[in-house]
Structure formats: structure tokens, C-alpha cells
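K.L.:
fold the following, please.
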Amino acid sequence: MPRGAVVLTTLRYFEVRGAAVDFSALLEAWAVLMVLILYAVIGKVCDRMGAERVLLWSALAYGGLWSLFALGLPLPVAIVIFVIPIYPMLLVSDDALMARFTTARERNRGLGMAGATALVGQALGIALGYLLMGYFLDSGMANLDAYHWTYRANILLWITAIGCTWWLSQRLRGEPGPA
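P.N.:
Down below sits the predicted model:
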């Protein structure tokens, strides 16, 4: 997912919106705690609902919620989105699918490639965000407007990532994996 342009800039975005720096640190701690709680249960959710379905719905929720930042949400709503830990749902469902569709011999390479693919999306998001923020700020745009326009541009990457996830989930549904 192209999370770099939005997620990694969020704490600074909150500060630009008026949140205290130490409040941002507290938010980060809450988000990590929520991630730990979700990691404890998401495997069972994947077993019950199917990893393909969890992957698709978590991609839709992740991309959809983070795209809302482009609207300039009220700060409390933006904070709730930041604390909601959807990312572990993507990782666990992806790992579950990778385990199912690889043999024991190729599993480590498969997990490595899946991780690398996610980081490519993150790197693209970071690069795009950096370039766009620089362009908007250099053209005289206000800090907050530059964030919102950068987030708006990133929505195209979200749509692409979600479309690819949908395509993949449709292809994998009902597939038994290697013998």
C-alpha cells in the first residue's frame, strides 16, 4: 500500500493542525497498543472469514479511511483514523495467503517478496509526498493546504493498490494452493 505519503506524515500534520508535540507521541503509543491488540486476534479472523476476504476489506478500509485525510477532517476524527490499526490486518492476511500458496521450500522467498512489494508502495508514496509537498510549499501554498493536496494526489495510488488487491483476492478465492 502507498502508505508513506499519508501515514508517515500524520503526526506532523496533527501538529500543523494545532495538536501538541507530546500529544503526537501519546497518539503513536496508542496506535502501537491497538496494533498489538489486533495482532493477537487477526489470525482467528482470517481463519474464520478467509484471508482473501480480510485482505480485500482491510485494503478498502485502509485506503478509504486514509483518503479521508484529503478532505481536511476535524482533528478528533483524523486522530481516530490514525489510531485504528488496519495495517496488521493487511500483513497477517497477506502472510496467511503467502503461506497457503507457497511450498515450504519457497515460503521465505515469497514472504520476502511480499514485504518488498509493500515497501515499494511505501517508498513511492514517500517520494511522491516529498516532491508534491515541496512543489506546493515552494509555490506559496499554506502548510495545511499543501498536506491536503498531497493527500488528494495520493488517492490515485490508493485506488490502484485497492484495485490490485481486489483482482488478487478474486483470483485466489477458493484456490487450494500447492500440494
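K.L.:
once you drop chain neighbours, what's closest to residue 152?
P.N.:
Nearest residue to residue 152 in three dimensions, chain neighbours excluded: residue 70, at 4.2 Å (C-beta to C-beta, 6 or more residues apart in numbering). C-beta: built from backbone N, CA, C; applies to glycine.
K.L.:
mind listing what that neighbour touches?
P.N.:
Taking C-beta atoms under 8 Å, 6 or more residues apart in numbering as the definition of contact, the neighbours of residue 70 are 148-149, 151-152, 154-155.
K.L.:
distance of it from residue 40?
P.N.:
When C-beta to C-beta, to the nearest Å is the yardstick, residue 70 and residue 40 sit 32 Å from each other.
K.L.:
helix, strand or coil for the nearest residue to residue 68 once chain neighbours are set aside?
P.N.:
Spatial nearest neighbour of residue 68, chain neighbours left out: residue 81 (6.6 Å); criterion: C-beta to C-beta, 6+ apart. With DSSP: H, G, I helix; E, B strand; the rest coil as the basis, residue 81 sits in helix.
K.L.:
helices of this structure, start to end?
P.N.:
In the chain, the segments counted as helices under DSSP state H are 10-16, 21-49, 51-67, 75-83, 87-100, 107-138, 143-172.
K.L.:
how many residues are close by residue 144?
P.N.:
13 (other C-beta atoms under 10 Å).
K.L.:
isn't it up against residue 72?
P.N.:
Yes. Contact between residue 144 and residue 72 holds when scored by C-beta atoms under 8 Å: they sit 7.4 Å apart.
K.L.:
for residue 97, give me its contacts.
P.N.:
Residues near residue 97 by C-beta under 8 Å, 6+ apart: 51-52, 55, 172.
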